[in-house]
Structures are given as structure tokens and as C-alpha cells.
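Chemist: return a 3D structure for these sequence lines:
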Amino acid sequence: MLNANGYHGAYYIRYYNAYNTSTAMRIEYPIVYLSGTTFSGTYTNNAWYALQGGCGNSNGIASCTAVCKALSRTYVGISSSCTPVYSGSVTSYVTPDRCTYTAADTTATPWADYGAASTCVNPMVYCDCSL
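Modeler: Here you go, the predicted model:
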């Protein structure tokens, strides 16, 4: 688990695997602990959420950027893979069973509900942040 600075409501990041590549810190299948943020749709404060990666679309990029900023790093890249569901047991930490994304990495843009984490379509396979 990584401690975060609270940017966009993200205070902790869990992951299936995290390691440094030659150019970035790669976080595989990240989930975030959100607290005191804006949200549209189903939301529980102080809870873990899976992240929808959108096959690398603008919502996935914005969500990954928010994760990187919460770790006091900058966005480097995101997986463009379209994977059907989260890998491994990381979703066992997600309570409630929800998947989310943000359309912009600004704190004024709410996180949006994207359905159940256990069946999250196109989850964030990895998020790359600066070293």
C-alpha cells in the first residue's frame, strides 16, 4: 500500500503489483481510498474504489493522472489494453464493490460511478507515474 497526499480525495493506493521500469513507476491494477472528495452516483466516503481505465481513453488518463498527483508524481502513461475484469485479489479490498473514474484530474471534477468493481469493464491495468 502506498500513502498518498489526498489529491482529488485519494489518501491511499493499493495495487496488484508495483515496480520501477527504466522510465516510470508502474502500478498494476491500482485501487484508491477516497475520502472527502466530490462524487457523482453511488458513493461511500472513506472507502476503497477500483479504477476504470477506459482502454487508455481520456477518462483513464485523467484517473491515472489523479493517482500520480496523489503520489506527488507526474503522469507518464497508462495501459491501452481492454481487459474484461480486475486481475488477482486486489478487488477483495474494494468496499463497497464499486468502480470509478474521473473525467479530469482537477479536484473540481467529481469521480463518477462505473458499476461494480468485481465486474468493472476495462479496469485500469496499469498506471505509470514519474520516478
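
Chemist: which residues of the chain fall in helices?
Modeler: 58-70 (DSSP state H).

Chemist: other SSEs contacting the least confident helix or strand in it by mean pLDDT?
Modeler: Sorting the helices and strands of the chain by mean pLDDT, DSSP states H and E puts strand 39-40 at the bottom, at a mean of 84. Packing partners of strand 39-40 (3 or more C-beta pairs under 8 Å, 6 or more residues apart in numbering; DSSP states H and E): strand 111-113. To be clear about C-beta, it is placed using only N, CA and C from the backbone, and glycine gets the same treatment.

Chemist: mind listing what the strand it packs on pairs with, with the direction of each?
Modeler: Sheet pairing of strand 111-113 (DSSP bridges) gives strand 39-40 (parallel), strand 99-102 (antiparallel).

Chemist: quick check: closest non-adjacent residue to the residue positioned nearest the centre of the chain.
Modeler: With distances taken as C-alpha atoms, centre = their mean, Leu51 lies nearest the centre of the chain, 4.0 Å away. Among residues not flanking Leu51 along the chain, Met124 sits closest, at 4.1 Å (C-beta to C-beta, 6 or more residues apart in numbering).

Chemist: that concludes my questions; thank you for your assistance.
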